[in-house]
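Participant: structure, please.
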Amino acid sequence: MSGFDSTLEETYLQVGVAGLRRGWQVALISGHGQMDTLRLNPQTHFVPDTERWICPWVDMAVYRAGIEHCRFALLGISFGGYFVLRATAVDDRVAAVVANSPIVDLRAYLT
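Facilitator: Purely as a prediction, here's the structure:
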């Protein structure tokens, strides 16, 4: 998952292609307030409980045929690192998490 102002297209090129080449199953997601969501829903905004919208994506992924549950991972880039940490804090189905440069205080980051 990307962060504040990046897009799923960028995330696909940054990490998605490499994952697919390694034989991984890859899903790219975005949620409230993220750039991809803003394209179609400009009234959306970040929410503090990001796990609320990430965990349903986890539900969908772990119940797909061929998914090895013991190897299910989340990767978040930039502010997406913060999002995936929140999700893994409440969802024990996630076996691994990569928080690439998590931003833990967006206000401090922007100011």
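Participant: test my guess that Asn79 contacts Phe4.
Facilitator: Small correction: residue 79 is Phe, not Asn. Yes: distance between Phe79 and Phe4: 4.4 Å, which falls inside the contact criterion (CB atoms under 8 Å). Every C-beta, even on glycine, is put in place using the N, C-alpha and C of the backbone.
Participant: endpoints of stretch 6-19, how far apart?
Facilitator: End-to-end distance for stretch 6-19, by CA to CA, to the nearest Å: 19 Å.
Participant: and for stretch 23-42?
Facilitator: Across stretch 23-42, the terminal residues are separated by 35 Å (CA to CA).
Participant: check stretch 63-78 too.
Facilitator: Using CA to CA, one end of stretch 63-78 lies 27 Å from the other.
Participant: low-confidence ranges, the chain, go.
Facilitator: Scanning the chain for pLDDT under 70 picks out the ranges 102-103.
Participant: can you give me the strands for it?
Facilitator: With DSSP state E applied, the chain shows strands at 73-77, 96-100, listed in chain order.
Participant: got the contact list for the last one?
Facilitator: Read that as strand 96-100. With contact meaning CB atoms under 8 Å, 6 or more residues apart in numbering, strand 96-100 is reached by 71-78, 80-82, 84-85, 88.
Participant: give me the buried entries from those.
Facilitator: Buried subset of the contacts of strand 96-100 (neighbour count, 16 or more other CB atoms under 10 Å): 72, 74-78, 80-82, 84-85, 88.
Participant: in TSV: those residues, plus distance to Val26.
Facilitator: What follows is these, written out as TSV (distance: CB to CB, whole Å):
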residue	distance to Val26
Phe72	12
Leu74	12
Leu75	9
Gly76	14
Ile77	14
Ser78	18
Gly80	14
Gly81	17
Tyr82	21
Val84	14
Leu85	20
Thr88	18
